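Asker: 3D model of this:
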Amino acid sequence: MTRKITVCLVFSLLLAYSASAKNITLVKHAKRHKNLDTVIYTVKNNDTLWKIFMNLFDAKPEDLPYLYNRFRALNPSIKDLDHIV
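Answerer: Here you go, the predicted model:
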């Protein structure tokens, strides 16, 4: 029994390194975001960037990192995103 297992393991290792083995390449594609129009918005009490992005831009949760980065780039004077008023 042990000999059969050993032979199978050796055979599978040889097969993996043989010329018939396939080489694969994995490629990760980044999601391309469409350019968003800029909007002038007056912040109200109890507003959060999350609420603004979700309501004004109809954003999805996976869009938020991009929107936060875009917001920072367009509003460099705002240092703390938790205090935008």
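Asker: My guess is residue 57 contacts residue 67. True?
Answerer: Yes. In this structure, residue 57 is within contact of residue 67 by Cβ atoms under 8 Å, at 6.9 Å. Using the backbone N, CA and C atoms, a C-beta is placed for each residue, glycine as well.
Asker: Which one's more surrounded, these two?
Answerer: A count of neighbours by other Cβ atoms under 10 Å puts residue 67 above the other of residue 57 and residue 67, at 19 against 13.
Asker: what about that one, which helix or strand?
Answerer: helix 64-74 (DSSP states H and E).
Asker: for that helix, packing partners?
Answerer: In terms of contacts (3 or more Cβ pairs under 8 Å, 6 or more residues apart in numbering; DSSP states H and E), helix 64-74 is packed against helix 49-56.
Asker: For the helix it packs on, report the contacting residues that lie outside it.
Answerer: With Cβ atoms under 8 Å, 6 or more residues apart in numbering as the test, helix 49-56 has contacts from 39, 41, 43, 59, 63-64, 67-68, 71, 81, 84.
Asker: just checking, residue 68 touches residue 81?
Answerer: Yes. Applying Cβ under 8 Å, one finds residue 68 in contact with residue 81, separated by 6.6 Å.
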